[in-house]
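1. My questions concern the predicted model and sequence given below.
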Amino acid sequence: MVQGPFDGWNKPESPDRRRFRVLLVILVLLGGGGFILYRSMRKNESEGPKGTAGPAGAPVVKTEWTTDEIASDPEGYLKWADDNIASQLRQREEMLAGLSERKGQLETRRNQVAGELSEIETLHQRLEAAVRKAEAEDRWPVRVGTRTFEKDKATALLAQLPKQIELRKPLAQDYETALNAMSEHQAKLQSDIVSLNLLREKIALDVERVRLNRGVGELTKLSRSSQEISSFAGLVGSSAAEAPPAVGGTAGIQDLDSLLK
């Protein structure tokens, strides 16, 4: 019996043939990236399911989704992706809060150092002028602001103050360098938080698209979310590894009150 061109169309399709047909549609939809996804999927299948084993009796925590798994449960994949993004978001918010607190402490100390430096520089300038006048007129003690200095004390201070000024200048610069680095790190975390929040909004829209249309065509949109999600992988570790430059030592620095005693 001669078969017509449509004979056999109603016969049950084998699982292998159906799977091949779905893969073919996916590869066409994803274009150039389809081959890479196909190879990745084949590798995942040969290595078995990806996940992290929990305590005895606990379910395996998924760390990857294959293309077939996304196709069969796109809403589950998006929920998993949103949970991962939410976790990264919390980590960055915690890091930002800790960084902001440390930066505030450093700014307080920087302001103290800058204030001491300015006060000592002003005292040195005024004392130097007062001593020159006292020596020219041979009139002692000299008065600078509310303080009065005998000749020996004024001469000793004029020798000590320049050294204290030079010791404080690099320390003040170290604080500025550290604070600038912290500001850059702060801006990076804030940018990440904005990007992650936007990505969660995109995922929420993808969920609605999947609910409205669960066809294979949705895989094209889902692949976009998958790529954006993967681009954030590892950033938490690299961000945590960054640290502001160390502030220099304070050896030899004396506070103004001890100098004036």
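-> All right, it came through fine.
2. Packing partners of the helix or strand residue 77 falls within?
-> Assigned by DSSP states H and E, residue 77 falls within helix 74-137. Taking 3 or more CB pairs under 8 Å, 6 or more residues apart in numbering; DSSP states H and E as contact, the helices and strands that helix 74-137 lies on are strand 142-144, helix 151-212, helix 218-231, helix 235-241, helix 256-260. Bear in mind the C-beta positions are built from the backbone N, C-alpha and C, glycine included.
3. For this structure, which residues score under the pLDDT cut-off?
-> 1-61, 214-251, 256, 259-261 (pLDDT under 70).
4. From residue 202, how far off is the closest residue to residue 207 other than its chain neighbours?
-> Closest residue to residue 207 apart from its sequence neighbours, by CB to CB, 6 or more residues apart in numbering: residue 78 at 5.1 Å. Plainly put, residue 78 is 10 Å away from residue 202 if you go by CB to CB, to the nearest Å.
5. now residue 152
-> Separation of residue 152 from residue 202 (CB to CB) stands at 75 Å.
6. Looking at the two, which has the bigger crowd around it?
-> Shown here are residue 152 and residue 202; by other CB atoms under 10 Å, residue 202 has more neighbours (17 against 10).
7. now the more buried one: how far from residue 151?
-> In this structure, residue 202 and residue 151 are 77 Å apart, going by CB to CB.
8. my guess is residue 93 meets residue 193, correct?
-> Yes - under the criterion of CB atoms under 8 Å, residue 93 makes contact with residue 193 at 6.4 Å.
9. what about the residue lying closest to residue 145 once chain neighbours are set aside, neighbour count?
-> In this structure, residue 145 finds its nearest non-sequential neighbour in residue 126, 7.2 Å apart by CB to CB, 6+ apart. Neighbours of residue 126 under the rule other CB under 10 Å: 15.
10. just checking, residue 126 touches residue 143?
-> No - Residue 126 is beyond contact range of residue 143, at 9.9 Å (criterion: CB under 8 Å).
11. Perfect, that will be all.
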